[in-house]
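In: coordinates only, no sequence provided:
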């Protein structure tokens, strides 16, 4: 079964903390949904998502994403990864689609520094990607928003996503934002602490590189051990309850009432755009 | 025994999470200390406290309060509750009176959205009421204050009240405010995150309604499940240690030294007013 | 063995929560590295560190420090302690020196209020001292900084120091500051919540006294019980894992690669100053 297979892939990725020796010499590798460009001298890899129309976190996408991360972790020339989207105009990660998704992304296990340069809307899964990074830079475009909007869809953010939200913006801000499904425009995202920096849209890439340079001044092993110390409890909790969470979500999302609620929301979205 | 009976009432209220079917058709119900006015079309109930002189959280008051909440939870026409006080001029909840109190209010189990419109001083129990709500609006009157001032009285806030304080304003702010018994005027309460909004005194009610309207745009089940996810750990911890906490408090508050400390504080209050 | 003996001393100090009766009448006591001046009428003791060149947290220093604190806890005339440094020009606590240190300072058990008046750089151990205090006042001199810079040295802050950091500045701010080894100048330290107040350098002492006077308006027992409630979980966690943490740190710090990393950092420091 595809879902079970993907979970195995994700578990394997998640269970490994160190870096292994296999060096990948290629300057660039790509598959259908994830494009990786390596800047060897700088020690940086840029990972671009290209899963149209909205970078949905589908099983196929997540599988490619994890494999790409694994390759980079095993590549000694890479000390940091920048996540971004190929297409600027579109939201780079879509709201959840029932039955197609496993948001069980590995956490805390990434050896290199990870930066998220946010150029587009980042609801739900997009926000999840951002939360797992070390630093978040957002383009200063009021049309872009970031947040966990699950409640708007009639569903609930899973506990492990909530935990990352609380760790990042605090308990009260997370409670309010999760209940209301708040999508924060750049200025508010910065104020609440959901992103670390807001810069003009054409400076997101250069800013990402200069921030990465600052992180590279820290010995890799100190930074990695520190990150693991900060995130281990949250990640362990996710791993411990993974199966139960998948069962709960699958059963919840399959209910007629919830499917209807999702349908209503998607119709609203269509009308907005139409 | 009155105390034991009340605890049973509160426990029963606390153990039920869902909503039951019994619809209460009355537009208004009231008992000695709690007045409830329903605005059926809007889906809102306004709960007014009228326990003079200072809305003390007495056993009688809490019993009426819990029964009123239960009725509203079972009333399908009500989606949100606004807490307020009948008398503006007076503090609506009094500082603890030894032996008369059970601050074991149920948490997290309320189906409707709850808003607190704070028009008056809210020390100790008043602040507790506010913390358990989803949103806090405070009248912009520098004479009004909110906070947990237990330390001023020579006593200590119970752990479960501390937990709610930490969840709302963060660990460091809570530590400092609890040690000093800080009562925050509106601007400071807003800054520290203890209230969500400060508005002119004559706009508290209209603001409460407009905020409620915003919360009503979220599907009820999503919002309720989210709230439960955010508060369950804290509530479970209270329930688990309820008996031990009651024993500790009763024994602590009965000590001669503590009674004397309370007496000194109350005398000071009298002199201030006299 | 000196290390084991010191640990016993520290454990004994940490295991006692109450105040005992033995009154110490001396106006002033001192040993090699810690000077204590008592201001009996005010109920204040000023503890000055004088461990040149940089107030390193050596075994000898920590032993004297703990003994001095014990004396003050047993002295009924003292309600509060102000920590400071004899020499202003120099950082008052040095970065960790391998094999010479036991940062197992007792927590939460101090009866009197403790204020830290920061007049100098406070990296690592200096920041630890500050975090364990009730209130932090920093001199407004941009040359002074405070923070946990372990990652710059190629090491990692221990979990119990991280816990205190998170409690004080929140999870996200702590994660970022620990990964980058951030040393905050006064304005930034105030903004992130690492210190409570920044005042002109010549007013640090008078401010410390006026803040202490405010804390003295709270009944001692309320304040102490509140502090214990706020810090007990963190302190218990440290005590529980103390042995394992010492073993881990000793083995980590003894590695050739880590020693080399420390050496590189110290060389850089020398070049800066030279």
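Out: Nice, thanks for sending it over. Bear in mind the structure is a predicted one, so any value in this text is a computation, not a measurement.
In: C-alpha only now, for contacts and for neighbours.
Out: Fine.
In: could you check how far the one residue sitting closest to the centre of chain A is from chain B?
Out: For chain A, the residue sitting closest to the mean C-alpha position, by CA atoms, centre = their mean, is residue A:129 at 0.8 Å. As judged by CA to the nearest CA, to the nearest Å, residue A:129 and chain B stand 21 Å apart.
In: got phi/psi on residue A:148?
Out: When quoted as degrees, to the nearest 10, the phi and psi of residue A:148 stand at phi -110, psi 100.
In: picking up where we left off before, what strand or helix carries the residue nearest to the centre of chain A?
Out: helix A:125-131 (DSSP states H and E).
In: out of the helices and strands in chain A, which is least certain?
Out: helix A:2-14 (a mean of 35; mean pLDDT, DSSP states H and E).
In: show me what the closest residue to residue A:44 other than its chain neighbours is bridged to.
Out: Among residues not flanking residue A:44 along the chain, residue A:80 sits closest, at 4.9 Å (CA to CA, 6 or more residues apart in numbering or on different chains). With DSSP bridges applied, residue A:80 shows beta-bridge pairing to residue A:44, residue A:113.
In: try the one 4 residues further on
Out: Bridge pairing for residue A:84 (DSSP bridges) gives the partners residue A:48.
In: burial count for it?
Out: Residues lying near residue A:84 (other CA atoms under 10 Å in any protein chain shown) number 22.
In: shouldn't it be in contact with residue A:122?
Out: No: Residue A:84 lies out of contact with residue A:122 (CA atoms under 8 Å); the separation is 11.1 Å.
In: mean confidence for stretch A:170-189?
Out: Averaged across stretch A:170-189, the pLDDT comes to 97.
In: report the buried residues of that stretch.
Out: By 16 or more other CA atoms under 10 Å in any protein chain shown, the buried positions in stretch A:170-189 come out as A:170-187, A:189.
In: again, but for stretch A:133-153
Out: Within stretch A:133-153, judged by 16+ other CA under 10 Å, the buried ones are A:133-141, A:144-153.
In: also stretch A:28-45?
Out: A:33-38, A:43-45.
In: who touches that stretch?
Out: Outside stretch A:28-45, the residues that touch it by CA atoms under 8 Å, 6 or more residues apart in numbering or on different chains are A:27, A:46-51, A:61, A:64-65, A:68, A:72, A:77-82.
In: gap between the residue in the stretch 1-150 of chain A positioned nearest to chain C and residue A:233?
Out: The nearest approach of the stretch 1-150 of chain A to chain C comes at residue A:134, 7.6 Å away (CA to the nearest CA). Between residue A:134 and residue A:233 the computed distance is 17 Å (CA to CA, to the nearest Å).
In: likewise for residue A:256?
Out: Look at residue A:256 and residue A:233: by CA to CA, they are 35 Å apart.
In: and residue A:267, how many neighbours?
Out: Neighbourhood size, residue A:267 [other CA under 10 Å]: 10.
In: cool, residue A:234 as well?
Out: Neighbourhood size, residue A:234 [other CA under 10 Å]: 17.
In: stretch A:131-147 near chain B at all?
Out: No: Stretch A:131-147 stays clear of chain B (CA under 8 Å from any CA of the partner chain), getting no nearer than 14.7 Å.
In: now do the end-to-end distance for that stretch.
Out: OK, stretch A:131-147 end separation, CA to CA: 10 Å.
In: longest helix in chain A, please.
Out: helix A:220-240 (DSSP state H).
In: mean confidence score for that one?
Out: 94.
In: in stretch A:117-133, what counts as buried?
Out: Buried-residue list, stretch A:117-133, by 16+ other CA under 10 Å: A:117-133.
In: could you do stretch A:236-249 as well?
Out: Across stretch A:236-249, burial judged by 16+ other CA under 10 Å covers A:238-239, A:245, A:249.
In: span of it from start to end?
Out: Using CA to CA, the two ends of stretch A:236-249 sit 19 Å apart.
In: that stretch close to chain B?
Out: No: Stretch A:236-249 lies out of reach of chain B by CA under 8 Å from any CA, never closer than 12.7 Å.
In: starting at the chain centroid, how far to that stretch?
Out: Computed by CA atoms, centre = their mean, to the nearest Å, the separation of stretch A:236-249 from the middle of its chain amounts to 18 Å.
In: now stretch A:248-261
Out: Worked out by CA atoms, centre = their mean, stretch A:248-261 lies 24 Å from the chain centre.
In: and it, average pLDDT?
Out: When pLDDT is averaged over stretch A:248-261, the result is 90.
In: for it, buried residues please.
Out: Residues of stretch A:248-261 classed as buried by neighbour count (16+ other CA under 10 Å): A:249, A:253, A:258-259, A:261.
In: quick one: which of the residues you listed is nearest chain B?
Out: Distances from chain B to those, taken by CA to the nearest CA, are shortest for residue A:261, at 8.3 Å.
In: what residues does that closest one make contact with?
Out: A:153-154.
In: A helix includes it, no?
Out: Yes: residue state for residue A:261 (DSSP: H, G, I helix; E, B strand; the rest coil) corresponds to a helix.
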